[in-house]
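Asks: Coordinates only, no sequence provided:
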């Protein structure tokens, strides 16, 4: 039985391949330390869990939830943006609840992409930006993120004929996988570009609260003109260690939010209301836990930077995200180096080319592992790899 062409065009999902490699190594008896997937190991805060338990006992929450989310949750999102960035959002028309932001990122292409339309995709970048476009019958057009440009796309390098056919532009800052950041001047260029070519900007901002040394990342929505051209995806996953809970949102331009909500109401159901109530507690309750989480990730980042520096590697220190993005040594591809490391040390790294063509030559380290195991991983690298040329 032949698969649909849209399925045939999809590559294997990056993290599924990593899971397979981990399973293979473990089957051989290797004590694997995975620095691969960015899934927080820290627990969800107790006050959020306590609220979930209480809400789960309410029979009213056992029925079908609203497709676009409880107004109370959407209002909490709007209040969170107001408190954090002084952004005004109408929770009824400018916020939609998602089953994790990944769901919305995949579905937004179905709202605007017709067969042959273009979506502008950052490379390296989160694979779902391109996957959603392909499933909708569109054409992903790569915007290279190069180190010499601060891992920001060069909008001037996009041909006018491509921009004229583009319907969506995906951006993600603080950036996965590079850890790069964006400032207001860049976003203003993006907004002007989007207005010129009638493009919807889809900003993916899940790492906005994981930042270090006093740096506070901008929300795309706080830049003048942003709501005129786009939306921002966000979630509870990274900020509150709730990846498994599957709840996020999109906020911004009311017409785009309505279209995304329309797609959702025809394809899936809403988020379990007890999870929404617990998330309200997270957004509006005590925020001290966020600073504690930042301190833990800062300590882990220090361990990685110091450990790799001791190996003679020059590593940039990211101002945000839960990742470090080093270059591979000379004579290796991203994949061959990560395979060498796994074979010699039992440490899993993510090859940069898994995020796109322009990720080649790099690898990603995730900080979502206990400090003790992270130190052990760096010790293994130092003891078994030796010196490399860069």
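Replies: Received it, and whenever you're ready, just let me know what you need. The model shown is predicted, which means the values in this text are computed figures rather than measured ones.
Asks: so what does the least confident helix or strand in the chain by mean pLDDT touch, helix or strand wise?
Replies: Using mean pLDDT, DSSP states H and E, the weakest-scoring helix or strand in the chain turns out to be helix 14-27, at a mean of 76. Helices and strands in packing contact with helix 14-27 are listed as strand 347-348; criterion 3 or more Cβ pairs under 8 Å, 6 or more residues apart in numbering; DSSP states H and E. In short, each C-beta sits where N, CA and C put it, glycine included.
Asks: residue ranges for the helices of the protein, please.
Replies: 5-8, 14-27, 46-56, 71-85, 101-112, 128-135, 160-165, 184-197, 226-229, 254-267, 273-284, 288-310, 334-345, 371-384 (DSSP state H).
Asks: how about the longest one: buried residues?
Replies: Okay, so that is helix 288-310. The neighbour-count check on helix 288-310 (16 or more other Cβ atoms under 10 Å) flags 289, 293-294, 297, 300-301, 303-305, 307-308 as buried.
Asks: could you measure residue 323 against residue 19, distance?
Replies: Separation of residue 323 from residue 19 (Cβ to Cβ, to the nearest Å): 18 Å.
Asks: ok, back up a step: from the buried residues of helix 288-310, which two are the most distant?
Replies: Maximum pairwise distance among those (Cβ to Cβ): 28.9 Å, between 289 and 308.
Asks: picking that back up, so which of residue 323 and residue 19 has more stuff around it?
Replies: Between residue 323 and residue 19, counted using other Cβ atoms under 10 Å, the more crowded position is residue 323 (25 against 15).
Asks: Isn't that one up against residue 362?
Replies: No. The criterion here is Cβ atoms under 8 Å, and residue 323 misses it with residue 362 at 10.7 Å.
Asks: Show me whatever sits in contact with both of those two.
Replies: Shared contacts of residue 323 and residue 362 (Cβ atoms under 8 Å, 6 or more residues apart in numbering): 177-178.
Asks: Would you map out the domains in this protein?
Replies: 5-43+289-384, 46-284 (automatic domain parsing).
Asks: just those domains: most buried one?
Replies: Burial of these is given as mean neighbour count (mean count of other Cβ atoms under 10 Å); domain 46-284 ranks first at a mean of 20.
Asks: That domain: end-to-end distance?
Replies: Taking Cα to Cα, to the nearest Å, domain 46-284 runs 14 Å from one end to the other.
Asks: now stretch 37-57
Replies: 33 Å.
Asks: Tell me how far that stretch lies from the chain's centre.
Replies: 20 Å (Cα atoms, centre = their mean, to the nearest Å).
Asks: what mean pLDDT does it have?
Replies: When pLDDT is averaged along stretch 37-57, the result is 96.
Asks: repeat for stretch 259-267
Replies: 95.
Asks: Touching that stretch from outside, list them.
Replies: With contacts defined as Cβ under 8 Å, 6+ apart, stretch 259-267 is touched by 67-68, 96, 98, 103-104, 107-108, 110-112, 231, 250, 270.
Asks: repeat for stretch 75-93
Replies: By Cβ under 8 Å, 6+ apart, stretch 75-93 touches 71, 74, 94-95, 218-219, 221-222, 234, 249, 251-252, 254, 257-258, 279-280, 283-284.
Asks: what does stretch 368-379 give?
Replies: 33-35, 37-42, 296, 299-300, 303-304, 307-308, 322, 345, 347, 367.
Asks: repeat that for 6 Å
Replies: 33, 38-41, 300, 303, 307, 322, 347 (Cβ atoms under 6 Å, 6 or more residues apart in numbering).
Asks: give me the low-pLDDT residue ranges for this protein?
Replies: 12-17 (pLDDT under 70).
Asks: Kindly recompute the last result at 90.
Replies: 1-30, 36-37, 268-269, 311-314, 385-390 (pLDDT under 90).
Asks: doesn't residue 138 make contact with residue 115?
Replies: No. Applying Cβ atoms under 6 Å as the test, residue 115 and residue 138 come out as separate, 7.2 Å apart.
Asks: In contact with residue 363, which residues?
Replies: So residue 363 contacts 328, 334, 338, 349, 351-352 (Cβ under 6 Å, 6+ apart).
Asks: Switch the residues you listed over to JSON lines; also include distance to residue 381.
Replies: Listed next are the contacts of residue 363 as JSON lines, based on distance: Cβ to Cβ, whole Å:
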{"residue": "328", "distance to residue 381": "13"}
{"residue": "334", "distance to residue 381": "16"}
{"residue": "338", "distance to residue 381": "12"}
{"residue": "349", "distance to residue 381": "9"}
{"residue": "351", "distance to residue 381": "16"}
{"residue": "352", "distance to residue 381": "17"}
